[in-house]
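Undergrad: A predicted structure for the sequence below; I have some questions about it.
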Amino acid sequence: MATGWLIFIAIVMIVVVLFQVTRTLDLVGQLRGGERTTVEMTKLHSILGLIFMILGMIGFFWSFGHYEDRMVDHHSSDNGLMIHKMFVVTLWVTGIVFVITNVLLFVFPYLYRNRPGNEAVHFAHSNKLEFIWTIVPTIVLTGLVVFGLQAWTDIMSPPEEDAITIEVTGQQFFWSSRYTGPDGKLGPRDNDLICPENPLGIVTREWIEHRMVSLKGSEKLNQKGEIVKLQEREKEINTQLAIYYDIVNNSPNKYRVAVVKDSVDLLETELNKIPKKIDIREKAFTRITTKYTEEYIAANADEFTWGYDDPMPSEIHVPVNNQVYVKITALDVLHNFYIPHMDVKMDAVPGMPTSFTFTPLVTTADKRIEMSENDAWTVIEEGDDMPRWQKFNYEIACAELCGTGHSSMKYTLIVDSPEDYEKWLAEQPSKWSQVYASLYLENGVSKYAPKIAAPAAATTDTVTIANTDVTVVVNKN
Ligand SMILES: [Cu+2]
């Protein structure tokens, strides 16, 4: 770091010295009052320009080679291969133009500088020139755009038949993923059904009932419901505030008053938010009861069963060489689902599902071996016992600044061999099987869901849920 600063300061000093030298020469020239000095100055300037160009070009090409092994490579997915080809073509085209224009920019001022007897040619218009500099860029850019459109269509086209569907949801500040389960279908979602036990708002008959109970309560289950709890809290705060107001107005102890005033502020802030919180829940309850009528449920009975078997694993696994179809959404603000090594990146927008497809071509295990030959990955970092490459994982990042925890919004992609993937998938319990025991259901769990309620690995025929009298029949198939 220190060396970098020293070099920087040295360069600045050299520039300042050169500037001062030329200024002095200029002033001396003016004192002498000669045409000759202007000619000399112009020559000096054009030579300095040439030196600047040569040093700049050397730096340009050097940095290319120097940083190459720190760049993300682009052969881990089909999109990567395609986009990398596009990148290389674009780089060649723009690189050639860059070199030609910069050489001309600095060589011409030298060749055609101000000299006695060297007169500039003036022409106002040249059809030939206009033609060339319009047509050539048009053709080149059209080619690049067509190339890009092809790639875009490829990435955005509907998934192939054997593609694996994964749904990812971004929220402040983490990703969650959901797989289809054995039925191959993702259960529908409804934001009104979102609660701690059902973080994505998956729609099944039980979740509808559970949400209604958790909002409005149930006598039978001895549950109060969020709305009543908020109303109680409102009363509690008002009682407490009355006591505090009395202290603020009547206490002679000003230190005590100051402390109490802080508490009053906090309570008033909380109190002011309660009516809106109640309103949101009342409206959600109304929407739920209006939407999920008996007729509606009967008409969509099929869809309501899709959600039972959906696992929500803590990292994403995919099999190598198999197309993956990613459905992307968000619950709060804009996020962006980005897998740098797979060259895929897509906004996650609340209320507007997006998607892309990609086919991973290199397993995580093979990638680690590949990384072991990269100098930047063979180092052992401080406090680590193994080189970086051994811990390499395809990383998923949020690429949309979404709040204070944005930088921690990481997720992991593991590319498995097909066998490993199948094995992993079979071990993933459905989200339902992990949470159904905590549902509020007036008639117990449940005539709709029992067959897939427990993890696939279950070995008993019936599962009795602790502390309840509910028994679930498990289908061993
Ligand atoms: Cu984010």
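TA: Sure, I can see it.
Undergrad: What segments of this protein are strands?
TA: Secondary structure of the chain (DSSP state E): strands at 164-171, 174-179, 316-319, 324-330, 335-339, 344-348, 354-358, 394-398, 410-416, 462-464, 471-473.
Undergrad: Return the most buried member of those strands.
TA: strand 335-339 (a mean of 24; mean count of other Cβ atoms under 10 Å). Quick note: C-beta positions are derived from backbone N, CA and C, even for glycine.
Undergrad: coming back round to it: need the strands of the chain in JSON lines (columns: mean pLDDT and distance to the ion).
TA: What follows is the strands of the chain, written out as JSON lines (pLDDT from 0 to 100; distance: least, Cβ to the ion, whole Å):
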{"stretch": "strand 164-171", "mean pLDDT": "92", "distance to the ion": "6"}
{"stretch": "strand 174-179", "mean pLDDT": "92", "distance to the ion": "9"}
{"stretch": "strand 316-319", "mean pLDDT": "94", "distance to the ion": "16"}
{"stretch": "strand 324-330", "mean pLDDT": "93", "distance to the ion": "8"}
{"stretch": "strand 335-339", "mean pLDDT": "93", "distance to the ion": "4"}
{"stretch": "strand 344-348", "mean pLDDT": "91", "distance to the ion": "8"}
{"stretch": "strand 354-358", "mean pLDDT": "91", "distance to the ion": "14"}
{"stretch": "strand 394-398", "mean pLDDT": "92", "distance to the ion": "3"}
{"stretch": "strand 410-416", "mean pLDDT": "92", "distance to the ion": "10"}
{"stretch": "strand 462-464", "mean pLDDT": "44", "distance to the ion": "38"}
{"stretch": "strand 471-473", "mean pLDDT": "44", "distance to the ion": "38"}
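Undergrad: give the contact list for the residue of the stretch 1-150 of the chain found nearest the ion.
TA: Using Cβ to the ion, residue 72 is the residue of the stretch 1-150 of the chain that sits closest to the ion, at 19.7 Å. By Cβ atoms under 8 Å, 6 or more residues apart in numbering, the residues touching residue 72 are 340, 341.
Undergrad: all helices for the stretch 101-250 of the chain, in order.
TA: Under the criterion DSSP state H, counting those that start in this stretch, the stretch 101-250 of the chain contains helices at 127-156, 205-216, 226-250.
Undergrad: By mean pLDDT, show me the worst of these.
TA: Of all the helices of the stretch 101-250 of the chain, helix 205-216 carries the lowest average pLDDT, namely a mean of 84.
Undergrad: Nearest to residue 281, out of the strands of the chain?
TA: strand 164-171 (19.4 Å; Cβ to Cβ).
Undergrad: Might you quantify the distance of that closest one from its chain's geometric centre?
TA: Centroid separation for strand 164-171 versus its chain: 12 Å, with Cα atoms, centre = their mean, to the nearest Å.
Undergrad: who's in contact with the residue nearest to the spatial centre of the chain?
TA: Centroid-nearest residue in the chain: residue 398, 2.2 Å away (criterion: Cα atoms, centre = their mean). Residue 398 sits next to 170, 173, 175, 335, 336, 337, 338, 406, 409, 410 when contact means Cβ under 8 Å, 6+ apart.
Undergrad: Name the residues linked to it by a beta bridge.
TA: Beta-bridge partners of residue 398, counted by DSSP bridges, are residue 337.
Undergrad: if we can go back for a sec, and the helices of the stretch 101-250 of the chain, which is most packed in?
TA: Mean neighbour count (mean count of other Cβ under 10 Å) peaks for helix 205-216 among the helices of the stretch 101-250 of the chain, with a mean of 21.
Undergrad: show me where pLDDT drops low in this protein?
TA: Scanning the chain for pLDDT under 70 picks out 1, 33-37, 443-477.
Undergrad: circling back: what is the most widely separated pair among the contacts of residue 398?
TA: Taking Cβ to Cβ, no two of the contacts of residue 398 sit farther apart than 173 and 338, at 14.6 Å.
Undergrad: re earlier: please identify which of the helices of the stretch 101-250 of the chain is closest to residue 366.
TA: helix 127-156 (23.1 Å).
Undergrad: Pretty sure residue 209 sits against residue 442.
TA: Yes: Residue 209 lies in contact with residue 442 (Cβ atoms under 8 Å); the separation is 7.2 Å.
Undergrad: just to revisit the earlier point, as a markdown table, the helices of the stretch 101-250 of the chain with distance to the ion would be great.
TA: A markdown table is the format used below for the helices of the stretch 101-250 of the chain (distance: least, Cβ to the ion, whole Å):
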| stretch | distance to the ion |
| --- | --- |
| helix 127-156 | 21 |
| helix 205-216 | 26 |
| helix 226-250 | 27 |
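Undergrad: Quick one: closest of those to residue 316.
TA: helix 127-156 (17.7 Å).
Undergrad: which secondary structure elements does the closest one contact?
TA: The helices and strands touching helix 127-156, judged by 3 or more Cβ pairs under 8 Å, 6 or more residues apart in numbering; DSSP states H and E, are helix 78-111, strand 354-358.
Undergrad: List the contacts of stretch 100-118.
TA: 35, 38-39, 42-43, 45-47, 49-50, 52-53, 56-57, 120.
Undergrad: What residues of the lengthiest helix in the chain count as buried?
TA: Across the chain, the longest stretch assigned as helix under DSSP state H is helix 254-291. In terms of neighbour count (16 or more other Cβ atoms under 10 Å), helix 254-291 has its buried residues at 257, 260, 264, 267, 271, 278, 281, 284, 285, 288.
Undergrad: okay, the angle between that helix and helix 226-250?
TA: 160 degrees (axes from the mean of the first three to the mean of the last three Cα atoms, to 10 degrees).
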